[in-house]
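Engineer: heads up, no residue letters with this:
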């Protein structure tokens, strides 16, 4: 019996990616596509030109009752602040929920409310929500009713640093994380001057310096992994491409460790991970290696002159940074092969 | 004594280009920058990041009285339908006007009203307005009070075809014009999904097939040059770059003519034109050769198997296709050296 | 029993695409990857970063004997002039061959030798070779031993025009075909200044005007479809993207026909084609709709003022324009479902 | 009397930019354009499409005697290792030399030879050579015979950090410098697969991690400014644009200092600099603000949670990062207004 799936927010970029991956998932039946912003039915090909002629998918107005009746699991690809109420209702009606917004990622309500400047109206669910990064929480995800799918930048930062933090050789609690993201991260509906084609073409710039909302999420998870308090200075940049995040993270080390020992630690840490590829020593991750796929390419370098480790990761922000990672969570939640429907190779050149 | 200049619509892309060229024009004093859409004063660098620290230019709310009092000529870089009323008022107050909108380009009111779906409220000025393409109307521009600066596509199409049409060897009245334009042609304020960075990145498509408003303008001018009725099938395409138009035009020829004869006719036709560069025989015009400048690169090819001539031109849509061409007109209107302030080389790579 | 497949030229872009599609083809076993240019074994991930960790594929030096012994069909993704000899040898050893070069596309040896400026050393195979466009030659492909996979531009031109030519309402034998291709069409090994990143970024230009080698191929096939002699003026342009071809073709019509009648003819012509999508009336094909997939999006427009039909198509030059179309041929040749392994949706944004 | 100028290496990207800026420099006569790689005369437009029809410039084979006889100053835009010998000869013949290679930037021969893996054959000139960053060495440049024009990354790093280092509030000697450069930085002649258009399009990656040759140059100059030993971990990245470098640098601070105090220190430090623009507080530098110009936009941010200062700069790597900065040096060396010929606004959008 296939898993019956509903997607809320199917008209956004993340929603489109969920459909792209799920429509050929051998164990899934795509039952409902919904959206919040309109009362009208919309042929999906009108917003996602790549999904033409694939089963004539239609996007319907949001209907929680119908969802609860017809599906096993709902993916919420809607803005933060909106997802929390929907999730609460769907959980009440016994649906399992994979929330791709930020609403259930932070364990501390006060931190959420201060960084997101909005009240949390379902704080009782924070404890129950599982942070949906299989590489860290695989076992807890299997039994979760509510999965908080990670932010795109956090996925890239955490997977870049995880094996290093486990080594417990950090010189201090401070880590510099310099990330660069394609513009699709801004979403489909935010068509402001900031993302107007002539403005971004040939341009590059940082944004949200020292204030980006993914900062506390990164700190929460890196601290958990390291077993100690971690503070990050996180700077996102807008890259003039559509897809992809490349993160370069800098960590001063306490102890001498060779490049090959570090590299070996990375290979060990990820040896059973189906979607994290530790590149050969010295090979830099690049966006081309992961676009369109659930893969995360990582590598670790060391500047021996300064005892600074440089961790680098590359993901597709819409895939491993959102949609396909959410499906990896779904596979775990429903006892499927974790790789099911996700072994689509990246596209290059 | 410098020419005193006002710009209406200085916050758009064309307005920004007018400022970029004029602020170092040795015979110009930039007196007023205005805009229609707001009552507030705006430091220009807030919209045009390249114009920072250049004299601390400020953009003021529109004030026709002030304009008329302080300047010799006004550039109107505002939407069609809006320019006509402003132009009429300014002309009444004895200003000379260079209108970069479409309002005074078409000689026939009915044609204007049918293609632009708006009433023309200053039809009495159409006769007086001079079509501002110096390569065709140089002498009339000198004495003009009202210059209708050409559309960007028409500049590229007309300059590509002018020498060929003068040869009077066309097989028929029908010409195919296939044009490709950078996204800045859509303007700065139209930040819709069509020009959202992730949508245009890596994409390419035609638009406005058989319905684009530059069609009657191209036909009017090509017919004038050819001395006979010309009909064009014009297809614009959206090119994933910020600037530049490349036009490829196809004309079936009546008579045998060699590639070198055709090329020679082009060189003769443009030998005194300071801004039209006929490339060496066989060399294709490319955007890189003209970006940032008032130059138009052209060349002519012939497919001897089919007796089809292929005319190609490249311009910067914001420069020779709008702002710098308007300044070339201004130079003519005020008896300045036509090249004054415009001999800025293109930028490449 | 799976079809056993060998790829010659697996290190090029087309070779990489063949691997990307075939490695998850449910009825295929990828037995040998080979290349001509070296004696060394090469891990495929060193040239194709997207194919990392997928079965640790290795590319071996060319070995015809081994191929003949181990596989059922060989894909030749090697330069024209080279493929013809290899194909002849492999056919002699009873392999079926799908040649992605130009060597067997033109039926007339003299035409081949004059456009490609090289002697054909296997002209006896030209008669036997089947032009591998399933939308035209599906039945003959099923039984073919040697399939000449079409050129990328011809696929886009033929599929844009096929239904129109069948209507037999052309005004003349002359058709204008204006095509725009991403740079991957130039291949992986031709790393000249023409394809150097800083040169192509922000640029656009035509090339090979009136001399491109795909011209006779397009004429041969359009003439076959139209049942009369067709002459094309074909102008390719270099588009600053990696993938995709968009073709805009112009045909003067003899008879009056409405836009909706034309559109209906297109829908009828392609109603059973799994990979050709006729878009809704008025919707322009765009690259984003097809990138990464075997789909070809087409639409037909009419300029009623000039009685000129404008046919537009979009394909991924490396997929429907090369690799995945070749696999569609393979599916036919081996009695598989034509869609097998190819229903991968395009990727967007 | 104009300054008579010769350019060696005029066919490269930096050489082309020198010509673009110098051909309208009011106090310069461009006497000789030369190149090393050929014995033939070459019309410059064959390599630089933007320089067409500007005085029909020709590039000649290298001829040191002719240079010495005819010019006052030579710009060397040739590879490192090659410049040192040419510079030595020209200085012997009493020319002043502005070397854009790396050959005279490092004061310590051993450091040079270890990072560049080549012997220095003019070490006696290192003492005499002045590091050509006017913002640091203005007075010494005026009298210099040999100016070592800085590397593109060092310009961006030094100008980002200079005011901060002068404050002497660093927590440690370690600084993280994360830089992103357009592909033109790789030069015109290095047309390898790494810079092949389909490879770089849509891609992004770091390179030369912990090993890039600009590292010791950055350390040398930052140490000089700070008055103490500085060690940097420097990571360059390849940005999929043609031009521009954006640098994000991270410095842990010893003392509490507010964002506005830091910003004020930057404004003070650069208040007399004609080409360094400190942006308003909170405004991020971006490439669009500087492309095509000699400007460097900088700003300083602080992450108060971590006491980490984030310094950001944007330059055009071919302009302030090479050619126009070299001309700024020339202006100083010849007693001209430092801004002469350089007040060309950037180009945007």
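Structural biologist: That came through, no problem. Owing to the predicted nature of the structure, the values given are computational and were not obtained by experimental measurement. Residues are numbered from 1 along each chain as shown, chains lettered A, B, ... in the order given.

Engineer: distance of the closest residue to residue A:12 other than its chain neighbours from chain D?
Structural biologist: In space, and not counting its chain neighbours, residue A:12 is closest to residue A:188: 4.9 Å by C-beta to C-beta, 6 or more residues apart in numbering or on different chains. (Each C-beta comes from the backbone N, C-alpha and C, glycine too.) For residue A:188, the distance to chain D equals 18 Å [C-beta to the nearest C-beta, to the nearest Å].

Engineer: my read: residue A:188 touches residue B:197, true?
Structural biologist: No. Assessed by C-beta atoms under 8 Å, residue A:188 is found out of contact with residue B:197, at 11.0 Å.

Engineer: With neighbour numbers in mind, choose between those two.
Structural biologist: Per other C-beta atoms under 10 Å in any protein chain shown, whichever of residue A:188 and residue B:197 has more neighbours is residue B:197, with 27 against 19.

Engineer: who touches that one in this structure?
Structural biologist: Counting by C-beta atoms under 8 Å, 6 or more residues apart in numbering or on different chains, residue B:197 touches A:183, A:195, A:196, A:197, A:199, A:200, A:201, A:240, A:242.

Engineer: switch to 7 Å and redo it
Structural biologist: A:183, A:195, A:197, A:200 (C-beta atoms under 7 Å, 6 or more residues apart in numbering or on different chains).

Engineer: Next, work out how far apart it and residue C:294 are.
Structural biologist: To residue C:294, residue B:197 is 27 Å away according to C-beta to C-beta, to the nearest Å.

Engineer: what's stretch A:17-33 in contact with?
Structural biologist: Residues from elsewhere that reach stretch A:17-33, judged by C-beta under 7 Å, 6+ apart: A:2-7, A:10, A:44, A:50-51, A:54-55, A:57-60, A:66-67, A:70-71, A:75, A:77, A:318-319, A:322-324, A:326-327, A:336, A:340-342, C:343, C:345.

Engineer: Tell me how far it lies from the chain's centre.
Structural biologist: Distance of stretch A:17-33 from the chain centroid (C-alpha atoms, centre = their mean, to the nearest Å) equals 18 Å.

Engineer: tell me which residues of it are tucked away?
Structural biologist: A:17-23, A:25, A:27-28, A:30-33 (16 or more other C-beta atoms under 10 Å in any protein chain shown).

Engineer: Secondary structure and pLDDT for the residues you listed - can I get that in TSV?
Structural biologist: Shown next, in TSV, are those (DSSP: H, G, I helix; E, B strand; the rest coil; pLDDT from 0 to 100):
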residue	secondary structure	pLDDT
A:17	helix	98
A:18	helix	98
A:19	helix	97
A:20	helix	96
A:21	helix	97
A:22	helix	96
A:23	coil	91
A:25	coil	96
A:27	coil	98
A:28	strand	97
A:30	strand	95
A:31	strand	96
A:32	strand	96
A:33	strand	96
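
Engineer: which one of these is nearest chain B?
Structural biologist: Nearest to chain B among the buried residues of stretch A:17-33 is residue A:17, at 11.9 Å by C-beta to the nearest C-beta.

Engineer: And the closest one, how far from residue A:132?
Structural biologist: Residue A:17 is 15 Å from residue A:132, where distance means C-beta to C-beta.

Engineer: ok, now residue A:217?
Structural biologist: Using C-beta to C-beta, residue A:217 is found at 12 Å from residue A:132.

Engineer: Ok, residue A:206 next?
Structural biologist: 28 Å.

Engineer: So between the two, which is more surrounded?
Structural biologist: Ranked by neighbour count (other C-beta under 10 Å), residue A:206 and residue A:132 place residue A:132 first, with 28 against 25.

Engineer: who's in contact with that one?
Structural biologist: Residues near residue A:132 by C-beta under 7 Å, 6+ apart: A:98, A:141, A:147, A:148, A:149, A:150, A:325, A:326, A:329.

Engineer: Now do the helices in the stretch 1-150 of chain A.
Structural biologist: With DSSP state H, counting those that start in this stretch, the ranges of helices along the stretch 1-150 of chain A come out as A:13-22, A:64-70, A:83-92, A:109-116, A:134-142.

Engineer: Does anything pack onto the last one? Which helices or strands?
Structural biologist: This points to helix A:134-142. Identification of packing neighbours for helix A:134-142 by 3 or more C-beta pairs under 7 Å, 6 or more residues apart in numbering or on different chains; DSSP states H and E yields strand A:130-131, helix A:323-333.

Engineer: for that helix, which positions count as buried?
Structural biologist: A:134, A:135, A:136, A:137, A:141, A:142.

Engineer: count of neighbours near whichever residue of the stretch 151-300 of chain A sits closest to chain C?
Structural biologist: Closest to chain C within the stretch 151-300 of chain A is residue A:289: 3.9 Å, counting by C-beta to the nearest C-beta. Residue A:289 has 29 neighbouring residues, counting by other C-beta under 10 Å.

Engineer: The nearest residue to it once chain neighbours are set aside: neighbouring residues, count only.
Structural biologist: Excluding its sequence neighbours, the residue lying closest to residue A:289 (C-beta to C-beta, 6+ apart) is residue C:49, at 3.9 Å. When neighbours are counted by other C-beta under 10 Å, residue C:49 registers 26.

Engineer: quick one, what contacts residue C:49?
Structural biologist: When contacts are counted by C-beta under 7 Å, 6+ apart, residue C:49 touches A:286, A:288, A:289, A:348.

Engineer: The third one touches residue C:48, doesn't it?
Structural biologist: By that I understand residue A:289. No. The criterion here is C-beta atoms under 7 Å, and residue A:289 misses it with residue C:48 at 9.2 Å.

Engineer: where does the stretch 201-349 of chain A come near chain C, residue by residue?
Structural biologist: Contact residues, the stretch 201-349 of chain A versus chain C (C-beta under 7 Å from any C-beta of the partner chain): A:202, A:242, A:277, A:286, A:288-289, A:292, A:343, A:345-349.

Engineer: With the stretch 51-200 of chain A instead?
Structural biologist: Contact residues (C-beta under 7 Å from any C-beta) of the stretch 51-200 of chain A with chain C: A:51, A:52, A:53, A:54, A:184.

Engineer: could you redo the last one with a cut-off of 6 Å?
Structural biologist: By C-beta under 6 Å from any C-beta of the partner chain, the part of the stretch 51-200 of chain A that sits against chain C consists of A:52, A:53, A:184.

Engineer: Fine by me, we can end here.
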